[in-house]
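1. What would the 3D arrangement of this be:
(chains A and B)
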Amino acid sequence: MAKFMYIFRGGGYATPGALSPSELQQHLSRWNDWTNGLLKAGRHLGGQPLAHPPTGKTLRGRERSVTDGPYAESKDLVSGTVIVEAASLEEAAQLARDCPIFELDGSVEVRPVLQVPNG
Amino acid sequence: MGDGMESAGPSELVEDLFRREWTHLVAALVRLLGPAQLALAEDLVHDSLLSALQAWQLGPPDNPKAWLLQTAKHRAIDRIRRDRRFEAARPELGSEWTLARAVELALSPEADAENQLALMFAICDEALSPETHVTLILRLLCGLSAAEIARAFLVDVQTIDRRLHRARTRLEQLSELGDPRSAAELRARQPSLEQALYLLFNEGYHGASAEAPLQPATCADALRLAELLLSLDAEARPRVHALAALFCFNSARLATRVDDEGVFLPLGEQDRSRWNRDLLERGIRHLGSSAEGATLTRWHLEAGIAFEHTRAPSVRETDWERIVAYYDALLGLAPSPVVALNRGLALAELQGLDAGRAALAALADEPKLATYSFFWAGRADIERRAGRNVEARAFYQRAAVCARSAAERRSYERRLREFELCSVRRPDR
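-> So this is what the prediction gives:
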């Protein structure tokens, strides 16, 4: 088994105002179902949702020039990460297919975590 | 790997937690910050819900309601600190000593009923149409999105957005919400408020929306808001009890109005054993209290009619004489073609199909009924029962064209199919 990182972008995080409270709660409950499915299967190794509204600072280059806020269009804003365990990149991508973020036109980037060989 | 988390399991959220908290927090913040800050109040609450969406992805916290309250409180305090405008309007918001306390008091559960009442009265402004009152109540006090309201009214989202925009602009001119307990000019709005709740309930009950889940919630909201009104004016209380009774009796029948295939069922075909006992009893208590006033209102008569239907064991054993008498009184108090139509249908039960047919035929020139599906369905039912299938079929076709919801249209189409089966079979016999 190998580790993979899901990087979530867009979704409810990026569409303020469009959903009613009930729709938000239903969306949340589908997130809970999806996450709990991964937890029960022993695939979910932990997650890191980011605060809303999206604030932050970006430091860049040798100058360490600082800009306020995350540096992206709202649909490209990272809203959180999750680490999962899967046999292959294909399986990790397959596990992400049921993520509710797609209902709101968000994206999940699936990246293999670097495995450091035991010395 | 997920050890411990599996056994603990996620705590279940109350089904309408977000909707209820939206209503509670929006009303509280509009009251605290003033109607001019309506958009800001909505944003603050929506952001708090979105925070929960982020933070609860592994499951809700132990006390989700308290979590939302705290989040909204912190967001409001942060926002007020950054903006000097609030200080000018409300000095207690300008000092660190009093700011947190003022926000806490505004958001406390004890202040909730008052806040929602104050917002309701502000919404039912004479300068806005009854349609707009209902739209604003659906948005601010029931937590529907513009898209959901548009689906309920069968109009496009832009229409609702424009209506909300005009209404917000009007509300934003007010310096404060005002206290319906003491301000006489607000209390004068009580009749329009009752009318708005009546329309709100009907939107849930007869609404055009094909999405059934919205409807019981809308009916429940109308009842909840009517019961809030009871705390106010002692003089108006019997009237509001009558309105609440009407909502209870009709809500009790909601679950049996559509069959498993999503087809609207007429009263005669509903399973009366499945009517909600709790709501029926709650309705009877309201009806009892409604009798304490000196005046007989429209709501009293409508609640009386609904009560007669719910207490009868069948359509045949219904006290049609009393129902026709209620409709006669209602025609005197609040005449409308729809009331006349319903009276005609009751008359068909009391005096026979010919009397009913004549009463309905007399309404044929009412422009309001020309596109009202229940008028055509009522005429169709009478002709079907009289065995005049040609007339019945033409009326059902007309009803199907005017039907506002798919469930309703399917019920007329089902009748039309029954005729086809009959006419196919008949030559064989």
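
2. secondary structure class for the residue nearest to A:Val82 when sequence neighbours are not counted?
-> Closest residue to A:Val82 in three dimensions, ignoring its sequence neighbours and counting by CB to CB, 6 or more residues apart in numbering or on different chains: A:Gly47, at 3.9 Å. Using the backbone N, CA and C atoms, a C-beta is placed for each residue, glycine as well. State at A:Gly47, reduced to three classes by DSSP: H, G, I helix; E, B strand; the rest coil: strand.

3. what number of residues lie near A:Gly47?
-> 16 (other CB atoms under 10 Å in any protein chain shown).

4. ok, now B:Leu17?
-> Neighbours around B:Leu17, by other CB under 10 Å: 19.

5. Contacts only, for it.
-> A:Gln25, B:Pro64, B:Lys65, B:Leu68 (CB atoms under 8 Å, 6 or more residues apart in numbering or on different chains).

6. My guess is the residue nearest to A:Val82 contacts B:Trp56. True?
-> No: between A:Gly47 and B:Trp56 there is no contact under CB atoms under 8 Å: 11.4 Å.

7. Any idea which residue is closest to the centre of chain A?
-> What sits nearest the mean C-alpha location of chain A, by CA atoms, centre = their mean, is A:Phe8, with 2.6 Å.

8. Test my guess that that residue contacts A:Ile101.
-> Yes: here A:Phe8 reaches A:Ile101: they are 5.7 Å apart, a contact under CB under 8 Å.

9. shared neighbours, the two?
-> With CB under 8 Å, 6+ apart as the test, A:Phe8 and A:Ile101 both reach A:Ser107, A:Val108.

10. tell me the secondary structure for A:Phe59?
-> Slight slip there: residue A:59 is Leu, not Phe. Strictly by three-state DSSP, A:Leu59 counts as strand.

11. Surely it is in contact with A:Ser65?
-> Yes: taking contacts as CB under 8 Å, A:Leu59 lies within contact range of A:Ser65: 7.1 Å.

12. biggest helix in chain A by residues?
-> helix A:21-40 (DSSP state H).

13. B:Thr310 should be in a helix, yeah?
-> Yes: according to three-state DSSP, B:Thr310 belongs to a helix.

14. so who does it touch?
-> Here B:Thr310 is in contact with B:Phe249, B:Ala252, B:Arg253, B:Trp275, B:Leu280, B:Gly283 (CB under 8 Å, 6+ apart).

15. just the residues you listed now: which is nearest B:Arg19?
-> B:Ala252 (21.9 Å; CB to CB).

16. Can you give me the pLDDT of the closest one?
-> We note a pLDDT of 94 for B:Ala252 in this prediction.

17. again, but for the one 5 residues further on
-> According to the predicted model, the pLDDT of B:Arg257 comes to 86.

18. count of residues packed around the closest residue to it other than its chain neighbours?
-> Distances taken as CB to CB, 6+ apart put B:Leu265 closest to B:Arg257, at 6.0 Å, once the chain neighbours are dropped. By other CB under 10 Å, 14 other residues sit near B:Leu265.

19. picking up where we left off before, mark which of the contacts of B:Leu17 are part of strands, please.
-> With DSSP state E as the criterion, strands contain none of the contacts of B:Leu17.

20. now the end-to-end length of stretch A:53-66.
-> The first and final residues of stretch A:53-66 sit 19 Å from each other (CA to CA, to the nearest Å).

21. I should have written stretch B:102-118 there, sorry.
-> 18 Å.

22. Might one say that the residue nearest to B:Arg257 is in contact with B:Val258?
-> Yes: using CB under 8 Å, B:Leu265 is in contact with B:Val258, at 6.5 Å.

23. re the thing from before, doesn't the residue nearest to the centre of chain A fall inside a helix?
-> No: A:Phe8: not assigned to a helix; according to three-state DSSP it is strand.

24. residues contacting it?
-> A:Val78, A:Ser79, A:Gly80, A:Thr81, A:Val82, A:Cys99, A:Ile101, A:Gly106, A:Ser107, A:Val108.

25. Surely the third one is within a strand?
-> When you say that, I think you mean A:Gly80. Yes: membership of A:Gly80 in a strand is supported by three-state DSSP.

26. Count the neighbours of the residue lying closest to it once chain neighbours are set aside for me.
-> The shortest distance from A:Gly80 to any non-neighbouring residue, by CB to CB, 6+ apart, is to A:Pro49 (3.8 Å). Using other CB under 10 Å, A:Pro49 is surrounded by 19 other residues.

27. Can you give me the distance of A:Pro49 to B:Thr295?
-> 57 Å (CB to CB, to the nearest Å).

28. Enumerate the residues of chain A near chain B.
-> Residues of chain A lying near chain B by CB under 8 Å from any CB of the partner chain: A:12-13, A:16-25, A:27-29, A:31-32, A:35-36, A:39-40, A:42-45, A:47, A:49-53, A:79-80, A:85.

29. where does chain A dip in pLDDT?
-> A:13-17, A:71, A:119 (pLDDT under 70).

30. mind redoing it with 90?
-> Chain A contains residues with pLDDT under 90 at A:1, A:10-19, A:49-56, A:58, A:60, A:67-77, A:79, A:104-105, A:115-119.

31. any idea which residue sits dead centre in chain B?
-> Centre-nearest of chain B using CA atoms, centre = their mean is B:Phe201, 2.7 Å out.

32. Point out the residues in chain B that sit beside chain A.
-> Counting by CB under 8 Å from any CB, the residues of chain B that sit close to chain A are B:1-2, B:5-6, B:10, B:13, B:16-19, B:21-22, B:43, B:46-47, B:49-60, B:143-145, B:147-148, B:217.

33. does the nearest residue to B:Ala222 once chain neighbours are set aside belong to a helix or a strand, and which?
-> What sits nearest to B:Ala222 in space, not counting adjacent residues and going by CB to CB, 6+ apart, is B:Phe201, at 3.7 Å. Element membership for B:Phe201, per DSSP states H and E: helix B:190-206.

34. ditto for B:Phe307
-> Judged by DSSP H and E, B:Phe307 forms part of helix B:298-311.

35. List the buried residues of that helix.
-> For helix B:298-311, a neighbour-count test (16 or more other CB atoms under 10 Å in any protein chain shown) marks B:298-310 as buried.

36. out of the residues you listed, which one sits closest to B:Glu413?
-> B:His309 (25.6 Å).

37. ok, the closest one - contacts?
-> B:Phe249, B:Arg253, B:Leu267, B:Thr318, B:Ile323.

38. The spatially closest residue to the second one that is not a sequence neighbour: neighbour count?
-> Closest residue in space to B:Arg253, ignoring its immediate chain neighbours: B:Trp275 at 5.5 Å, by CB to CB, 6+ apart. Here the count is done by other CB under 10 Å, and B:Trp275 has 18 residues near it.
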